[in-house]
Every structure is written in C-alpha cells, then in structure tokens.
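> Based on what follows, work out the 3D shape:
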Amino acid sequence: MNVQNVSTTDVRIERHAKQLSRQLKLLRERLFPPLSQKTLRTFTSGEAAQMVGVSDGYLRQLSIDGKGPIPEVSSNGRRSYTLAQINELRHHMASIKPKDALTYLPRRRPGEKLQTIAVTNFKGGSAKTTTTLYLAQYLALAGYRVLAVDLDPQASLTSMLGVQPEFDVDDGETLYGAIRYDEKRRPLKEIIRKTYFDGLDLVPGNLELMEYEHDTPRALNERSRNGEVFFKRVGAAIAEVEQDYDLVVIDCPPQLGYLTLGAVCAATSLLITIHPQMVDVASMSQFLLMTSDLLSVVRKAGGDLQHDFIKYVVTRHEPFDAPQSQIVGLLRSLFGTDVLTATVLKSTSIADAGLTKQTLYEIEKGQVRKSTYDRALESVNAANGEVLAEVHKTWGRV
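Got it, this is the predicted structure:
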C-alpha cells in the first residue's frame with residue numbers, strides 16, 4: 001500500500017465538507033438566480049386582502065384611487081402584492097382607521113413586553129428547526145416584527161433563510177460576536193441582517209458558535225467579571241434590540257450546553273418539540289430531567305426562570321398510526337393543556353418544499369399536490385395560531 005495516498009480521517013472529512021459546501025452553493029445559484037439570493041413570491045389580491053383583513057373589492061378600489069401601494073398587474077388584469085406592500089397596506093389601514101389599528105397592525109404596544117420564544121429539544125429529528133422557521137414566518141406574515149436567532153452551529157435555520165453559513169457568515173457575524181468574553185464583542189444590531197421575508201430579520205449561525213461552549217468554562221474557571229455571567233449574556237444581547245421587535249424566536253442547538261441554557265434564561269416562553277415515537281419520548285424524559293437539574297443551579301445563581309408559558313409541540317405526526325396516537329394520548333394525559341391541541345402533520349409537501357429550501361408559506365400552491373398542501377398548512381397554521389394566542393394572553397389581549 002502506498003502510504004502517501006492514504007488520507008487521515010480528518011483530512012478526508014474536510015474534503016467531503018468542502019465538496020458538499022461547493023455543491024450547495026451551486027445549487028443555490030441555480031435555484032435563486034441572478035443574484036443567488038432567495039426571494040419571496042408575490043401574493044394574489046385575494047391572499048393580500050385576507051392577510052390585511054379587508055375585502056378584495058376594497059383593495060381593488062384603493063388601487064383605482066391610487067391609495068396605498070401600487071400592485072403588480074399581469075396581462076390578464078390580475079393584481080399581486082409583495083409582502084412589503086402588504087405590510088404597507090397594514091400601516092395605511094391603521095392610519096385611516098385608528099380605532100381598529102390593533103386589528104390591522106398587531107404589533108406590541110407600550111407595556112407589552114418583548115416575547116422571546118426558545119424552541120428546544122436535544123433529540124435530533126424532532127423538527128426543531130422546522131418548527132422555529134414556520135413559526136417565525138407565520139408571525140411575520142401576520143404583521144409582527146420578528147427576529148430569528150440561529151444558535152445551532154449546524155445553522156440549518158440560517159440556510160433555510162437564504163444564507164449559506166460557510167460562505168455568507170464571517171467571523172463575529174453570529175450571536176457569538178455579541179456574547180463573547182473578550183474585547184471583540186460587538187453590538188447585536190451590527191450582526192442582525194434583513195432577510196428576503198419582509199418583517200423577519202436573522203441572527204445567523206455557523207460553527208463559530210461552538211467557541212462559546214469552549215470559552216465559557218475557561219471564563220468560569222478564571223472567575224471572569226467581564227460583563228454578565230454566562231446564562232445572562234444571550235438575554236442581555238437581545239435586550240439591546242428590544243425596541244425593534246415584537247417577538248424573538250430562537251432555534252436552540254440539539255444539546256444542553258451553555259448556549260441552550262443562555263437561550264432558556266433569555267426566553268419568556270419555551271416550545272419543546274416532540275416526535276411521537278417511544279425512543280423520542282424516552283429521550284425527552286432524560287432531557288427534562290437534565291434540564292431541571294441544570295436550571296435549578298442557574299436559578300440559585302440568580303437566573304430568571306419565570307416563563308410565561310411552556311408548551312409541547314407534537315411534530316411529524318401521523319394521526320392514523322396507532323402507536324403514535326397512543327403516545328400523543330399519553331402526553332396529553334400527563335401534561336394536559338401544556339401540549340398544543342394542534343399537532344403538526346408529517347407531510348410530503350413540507351419535505352418537498354424543503355428540497356428547494358422553501359416552506360409551505362413560500363412555494364406556489366401548484367408546486368405540490370393541493371390536498372397534501374392544504375392538510376399540512378392547516379396543521380402548521382393551527383399550531384402556530386395556538387402559540388400566538390398564548391402570546392396575546394401574555395400581552396393581556398385575551
């Protein structure tokens with residue numbers, strides 16, 4: 001055997017990683033030309049009217065009168081609006097009907113605190129990132145100002161929002177840049193970037209986030225006094241931009257490390273995803289026990305662990321699968337109303353949309369079979385609607 005031709009495992013894996021990254025970059029350039037950036041589809045006048053809360057005829061008359069944004073008109077006379085134009089319409093309606101402003105522009109009001117929702121579970125395959133992504137987009141479509149924070153070094157959320165972690169995110173451009181312990185720490189406002197999804201901003205992630213897991217034990221050993229203790233740093237960074245957003249949604253890493261603990265302490269509420277399989281439920285049991293032990297230490301050290309709500313989200317659910325139905329029943333009997341009433345269905349339409357790094361909110365309806373699309377979207381909207389209802393309850397709107 002020629003020893004010179006034998007590569008070590010680390011070199012081989014690095015080569016594979018670079019090959020895959022290059023291929024993903026080429027795929028993005030092919031899917032989203034000419035600038036290799038994702039764009040959001042436009043919405044029909046009927047969809048826009050429903051989102052704003054007016055009739056299609058009313059929108060048509062606004063267009064005729066030259067009031068509000070000017071829609072794109074096709075050769076057959078059909079009008080369509082971008083999400084930015086829909087948000088402009090919301091502002092227009094709120095200005096001419098101030099008594100109904102909350103209906104048209106449901107942003108948080110003075111006295112309503114920023115809601116920070118951490119989506120967590122250290123078991124892979126529980127649809128944690130998908131749950132985060134769909135919730136963030138749902139809230140943005142409803143007219144809220146949303147910040148999505150990717151705390152997972154694998155950065156799947158970042159990728160789904162049109163940013164490729166290996167090529168588009170430099171040093172200091174993840175949350176790590178705003179919570180690190182040295183002089184290179186920078187304001188979170190400098191790290192946040194706009195996305196193609198109007199009203200939805202992003203704090204991207206990549207492998208740099210692992211530095212925080214390495215730095216924190218060293219800082220603890222040195223009894224560092226450089227700013228906040230580790231479990232308060234995520235919350236302190238988010239507090240810097242509190243006035244710019246109504247809700248923050250955090251995609252936590254799939255392990256119970258310092259980043260996850262920081263996110264849980266920063267959060268005003270928690271969503272715990274669960275795939276209704278016995279191995280996942282058993283894993284969640286261990287996750288909850290470990291979380292409880294670690295958080296009790298954090299609480300004794302001064303961490304704020306008062307959450308407005310904690311909800312379990314059943315994901316990738318197959319309702320006609322008898323064992324899954326039994327597990328969902330078990331969860332409901334144990335946790336009661338802490339389990340969302342709606343479950344998110346396992347659907348080929350969600351998977352098919354994901355192949356092009358899109359969600360059901362982004363794709364054209366004709367791209368997947370209508371029946372599966374409608375069922376999947378209904379389940380996603382129902383779950384997200386329950387979460388939003390909990391937020392409204394916290395704000396005192398219900």
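
> Point out where the chain drops to low pLDDT.
Regions of the chain meeting the criterion pLDDT under 70 cover residues 1-14, 17, 19-21, 24-25, 27-36, 123-124, 223-228.

> Let me see the domain layout of it.
43-104, 115-395 (automatic domain parsing).

> what's the span of the first one, first residue to last?
Its first and final residues considered, domain 43-104 spans 17 Å by CA to CA, to the nearest Å.

> Can you lay out the domains of the chain as JSON lines showing distance to residue 15 and mean neighbour count?
Placement of C-beta: from N, CA and C, glycine included. Shown next, in JSON lines, are the domains of the chain (distance: least, CB to CB, whole Å; neighbours: other CB atoms under 10 Å):
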{"stretch": "domain 43-104", "distance to residue 15": "40", "mean neighbour count": "15"}
{"stretch": "domain 115-395", "distance to residue 15": "14", "mean neighbour count": "19"}
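
> how about those domains in CSV, adding distance to residue 18?
CSV is the format used below for the domains of the chain (distance: least, CB to CB, whole Å):
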stretch, distance to residue 18
domain 43-104, 35
domain 115-395, 9
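
> quick one, which of those domains is nearest to residue 23?
With CB to CB as the criterion, residue 23 lies closest to domain 115-395 of those, at 11.2 Å.

> Relative to residue 22, which of the domains of the chain is closest?
Nearest to residue 22 among the domains of the chain is domain 115-395 (9.2 Å), distances taken as CB to CB.

> Show me how far the closest one is from its chain's centre.
Taking the mean of its C-alpha atoms, domain 115-395 sits 6 Å from the chain's own mean (CA atoms, centre = their mean, to the nearest Å).

> quick one: terminal-to-terminal distance for it?
In domain 115-395, first residue to last residue: 9 Å (CA to CA).

> for stretch 212-229, same thing?
Length of stretch 212-229, first residue to last, CA to CA: 13 Å.

> Can you pull out the residues in contact with the helix or strand where residue 297 lies?
Here residue 297 is covered by helix 278-300, with elements defined by DSSP states H and E. Contact partners of helix 278-300, identified using CB atoms under 8 Å, 6 or more residues apart in numbering, comprise 121-123, 125-126, 231, 256, 261, 264-265, 272, 274, 303, 305, 323, 327, 330-331.

> Just the CA trace of whichever helix or strand comes after that helix, in PDB.
Using DSSP H and E, the helix or strand that directly follows helix 278-300 along the chain is strand 309-314. Output of strand 309-314 as PDB, limited to C-alpha atoms (Å, rounded to 0.1, in the frame of the first residue of the first chain):
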ATOM      1  CA  PHE A 309     -45.800  29.500  29.100                       C
ATOM      2  CA  ILE A 310     -44.100  26.200  28.300                       C
ATOM      3  CA  LYS A 311     -45.700  24.200  25.500                       C
ATOM      4  CA  TYR A 312     -45.000  20.800  23.900                       C
ATOM      5  CA  VAL A 313     -45.400  20.700  20.200                       C
ATOM      6  CA  VAL A 314     -46.100  17.300  18.600                       C
END
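
> which strands and helices sit next to strand 309-314?
Judged by 3 or more CB pairs under 8 Å, 6 or more residues apart in numbering; DSSP states H and E, strand 309-314 is in contact with strand 269-274, helix 322-335, helix 370-395.

> now the angle between helix 322-335 and that strand, please.
170 degrees (axes from the mean of the first three to the mean of the last three CA atoms, to 10 degrees).

> Contacts for stretch 74-90 next, please.
With CB under 8 Å, 6+ apart as the test, stretch 74-90 has contacts from 40, 42-45, 48, 51-52, 59-60, 62-63, 68-69, 71-73, 104-105, 140-141, 143, 197-199.

> Tell me which of these fall in strands.
If you go by DSSP state E, the contacts of stretch 74-90 have 43, 44, 72, 73 in strands.

> Looking at those residues, spot the one nearest residue 382.
The closest of these to residue 382 turns out to be residue 43 (CB to CB; 20.7 Å).

> show me the contacts for the closest one.
With CB under 8 Å, 6+ apart, residue 43 has these contacts: 51, 80, 81, 82, 83, 86.
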